[in-house]
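> quick one: sequence and predicted model below, then my questions.
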Amino acid sequence: MPYSELTLITVNNTKNISAYTLPNGLVIQHHKAYETDFVYNEVFVEQIYTKVFPNLPANACVVDVGANIGLFSLLIKQTLPHAVLYAFEPSPAHFQLCTENLQKFENVHVYQQGVGKANTTQLFTYYPHYSVMSGFHANNNEDKQLLAAGIAHHLKLDEPEKLDAAERYIDLLMENKLDDAKTFECEIITLSSLIGEQQIARIDLLKIDAEKAERDVLKGIEPEDWKKIDRIALEAHDKSTAEDISTLLKNQGYHVASVKSAEFKDVSIFMIYASRIETFKSM
């Protein structure tokens, strides 16, 4: 399957797309305020993908897998204007928003594709009321549990003494968030395809937030390309996956840190950081 950068597409349902001013004053195009506020807090305030990597070079090459509307990519271009950025977002609506939000920056490439273990096509499930849960491994029951864990952590309701009250409150906040799911076929490429086609000699930071597809992304890296990737920040959606990925990255020669970022009932979400060139001084 040929690797290609896709052009901006037209989205029929644009009634919920509007301009929005972020707390830092940046004006973007977005879909829903509660999603944007949640992701802004993770990306710009908590800096969950970048806080352990303070020494990215000014001309860094950054790959954003799971870009959504582009907030992480915006952070990179704001802090590192000369960075080269490759952003991947499978959802047509959010691909358009991501493209619009990044169009004023140079050296930015946005693709309406997923990244996985093979060059192929795969069904993608889009949740219009909570798009950050959209993905290639959608399971309504599992996704509800993940959503509950994320909400509990965000609202600091995941402490043992708060669980009874939190469960009732979270059920109210989750109401209808995963309804009206839409499924469509999406093109998948491997990370090594990107490296080969774009002749990338070094990736300074690989960010992966792909809703249970993080293993697939890593499986798409050919042995000779691992040495080209200096740093990785990814979200893993259960303890077993986090442990397996941590072991894989250690075997590839990385310093690895795994941090539990959310837990609610039987669901845990982890952030995994890997670096070839620096250890982690603070988490």
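Looks like it came in fine. Numbers count the residues shown, from 1 in each chain.

> could you pull up the residues touching the spatially most central residue of the chain?
Central residue of the chain (Cα atoms, centre = their mean): residue 209, 2.6 Å from the mean position. By Cβ atoms under 8 Å, 6 or more residues apart in numbering, residue 209 lies in contact with 49, 65, 66, 72, 234, 235. To be clear about C-beta, it is placed using only N, CA and C from the backbone, and glycine gets the same treatment.

> one more pass at 7 Å, please.
By Cβ atoms under 7 Å, 6 or more residues apart in numbering, residue 209 lies in contact with 66, 235.

> and for residue 66?
Residues near residue 66 by Cβ under 7 Å, 6+ apart: 208, 209, 210.

> let's see 10 Å
Shown in contact with residue 66 (Cβ atoms under 10 Å, 6 or more residues apart in numbering): 72, 87-90, 94, 114-115, 132, 134-135, 207-211, 213-214, 217, 234-235.

> next one: residue 184 relative to residue 213, how far apart?
To residue 213, residue 184 is 16 Å away according to Cβ to Cβ, to the nearest Å.

> more crowded one of the two?
Neighbour totals were compared for residue 184 and residue 213, and residue 213 leads with 25 against 11 (other Cβ atoms under 10 Å).

> can you give me the strands for the chain?
Secondary structure of the chain by DSSP state E: the strands cover 18-21, 27-30, 61-65, 84-88, 108-111, 114-115, 120-126, 182-189, 205-208, 231-236, 255-264, 267-275.

> show me what the last one is packed against.
When you say that, I think you mean strand 267-275. Helices and strands touching strand 267-275, as assessed by 3 or more Cβ pairs under 10 Å, 6 or more residues apart in numbering; DSSP states H and E, comprise helix 140-154, strand 205-208, strand 231-236, helix 239-251, strand 255-264.

> ok, that strand: who's next to it in the sheet?
Using DSSP bridges, the strands paired with strand 267-275 in its sheet are strand 231-236 (antiparallel), strand 255-264 (antiparallel).

> quick check, distance from it to the centre of its chain.
With Cα atoms, centre = their mean, to the nearest Å as the basis, strand 267-275 stands 12 Å off its chain's centre.

> mind pulling up the pLDDT for residue 14?
What the model reports as pLDDT for residue 14 is 44.

> ignore the last one, residue 50
pLDDT for residue 50: 95.

> and it, how far from residue 43?
Plainly put, residue 50 is 8 Å away from residue 43 if you go by Cβ to Cβ.

> list the residues that contact both of the two?
Shared contacts of residue 50 and residue 43, defined by Cβ under 10 Å, 6+ apart, comprise 72, 75, 76, 207.

> which residues touch the first one?
Translated: residue 72. Residue 72 neighbours (Cβ under 10 Å, 6+ apart): 39, 42-44, 47-50, 62, 64, 66, 85, 87, 205, 207, 209, 233.

> got it, and the second one?
Residue 75 makes contacts with 24, 26, 40, 43, 44, 47, 49, 50, 62, 64, as judged by Cβ under 10 Å, 6+ apart.

> mind checking how far it is from residue 39?
In terms of Cβ to Cβ, residue 75 sits 11 Å off from residue 39.
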